[in-house]
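**Q** Test case, fold it:
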Amino acid sequence: MGLSLSVVFSSIAGYLLGVDKIDFATLVLLAFGGYFMVGASNAYNQIIERDLDVLMDRTKNRPIPAGRMSVNTAFAIAVIFTVLGVVSLYIINPRTAMYAAISIFLYTCAYTPLKTKTPLAVFVGAIPGAIPFMLGWVAARNDFGIEPGTLFAIQFFWQFPHFWAIGWFLFDDYQKGGFYMLPTGKQDKGTAAQTILYTVWTILASLIPVFGFTGDLKLSYVAAAIVLVLGLFMLRYALLLFKKRTVQAAKQLMLASVSYITLLQIVYVIDKFLR
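**A** Here you go, the predicted structure:
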């Protein structure tokens, strides 16, 4: 539920950034379409990983491994959600539905099977994970250009420190399921250093609109200063993870990353409507 709502939030933020005049029917279709698509992805994921979910504490109580739901029922839900999601987004425009379909395909057919094989799964998973923010802009403009590309880049780079933080504090649990989530495969300085690097890239990508070459996606100096402060706050926890390399530090970074992307999207939208 939390993941689904965060996707809807990102999509709506992207829509508000791209739209000239808010169409509430489109807004509702985007919210429901995004919710159904991420719900479908989660359902397919839990069907594929049902034998691994039962091994991990964080997933053993999911409906399928816990025996509360059959695979057939889960598959029916996944298909229904897929159809409802694609149709909802297609009504907005075909391009929006196409990107959402690409997202669900990559999540289910690439990211999910790669998680037990290589840490590069996080890179692959960052692609569908970054689509919601740009999807909103595409829904508003029916076009893909520098603006939604920038929104994609922000959320793409952000995924690495976010998911590596999760992979760090759930390391032992992920090992039970055979998942490779950390870039070096260990809770070491190498992983922590890469987390810092991608945090810096996230901050830099977030500030690009202030320089005026991202088309209609603009950012005022005041908003850019706020985004920079938010970024430095997140970077502080990435540095603390490098220094301490503890589960607690990883949890703090994860919470800081969630705060960062949420507040960034709010700042972007407010800044647009105040300019």
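
**Q** which residue of this protein sits farthest from its center?
**A** Distance from the C-alpha centroid of the chain, by Cα atoms, centre = their mean, peaks at Gly67 (28.8 Å).

**Q** Assign a three-state SS to it, would you?
**A** What DSSP: H, G, I helix; E, B strand; the rest coil gives for Gly67 is coil.

**Q** What is the neighbour count of Ala66?
**A** Burial of Ala66 is recorded as 12 neighbouring residues (other Cβ atoms under 10 Å). (Glycine included, C-beta is placed from N, CA and C.)

**Q** So what does it have for phi and psi?
**A** Main-chain torsions, Ala66, degrees, to the nearest 10: phi -80, psi -10.

**Q** That one - nearest residue in space that isn't next to it in sequence?
**A** Nearest-residue entry for Ala66: Lys60, 6.8 Å, with adjacent residues in sequence omitted and distances by Cβ to Cβ, 6 or more residues apart in numbering.

**Q** burial measure for that neighbour, as a count.
**A** By other Cβ under 10 Å, the residues close to Lys60 number 14.

**Q** ok, it touching Val54?
**A** Yes. Using Cβ atoms under 8 Å, Lys60 is in contact with Val54, at 5.3 Å.

**Q** Can you tell me how far Ala205 is from Gln159?
**A** Ala205 sits 12 Å away from Gln159, going by Cβ to Cβ, to the nearest Å.

**Q** For stretch 160-179, buried residues please.
**A** By neighbour count on 16 or more other Cβ atoms under 10 Å, the buried set for stretch 160-179 is 160-171, 173-174, 176-177, 179.

**Q** swap in stretch 71-91?
**A** By 16+ other Cβ under 10 Å, the buried positions in stretch 71-91 come out as Ala74, Ile77, Ala78, Phe81, Thr82, Leu84, Gly85, Val86, Ser88, Leu89, Tyr90.

**Q** any idea which of those residues is closest to Val200?
**A** Closest approach between these and Val200, by Cβ to Cβ: Leu89, at 33.6 Å.

**Q** what sits against the closest one?
**A** With contacts defined as Cβ atoms under 8 Å, 6 or more residues apart in numbering, Leu89 is in contact with Leu29, Leu30, Gly33, Gly34, Met37, Thr96, Ala97, Ala100, Ala139.

**Q** now, which of those residues lie within helices?
**A** Leu29, Leu30, Gly33, Gly34, Met37, Thr96, Ala97, Ala100, Ala139 (DSSP state H).

**Q** Turn the residues you listed into a markdown table, including neighbour count.
**A** A markdown table is the format used below for those (neighbours: other Cβ atoms under 10 Å):
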| residue | neighbour count |
| --- | --- |
| Leu29 | 19 |
| Leu30 | 28 |
| Gly33 | 27 |
| Gly34 | 31 |
| Met37 | 32 |
| Thr96 | 29 |
| Ala97 | 22 |
| Ala100 | 32 |
| Ala139 | 30 |
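
**Q** Can I get those residues in TSV including distance to Val8 and pLDDT?
**A** Below are these laid out as TSV (distance: Cβ to Cβ, whole Å; pLDDT from 0 to 100):
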residue	distance to Val8	pLDDT
Leu29	12	94
Leu30	8	94
Gly33	9	93
Gly34	5	91
Met37	10	91
Thr96	14	93
Ala97	16	93
Ala100	12	90
Ala139	12	94
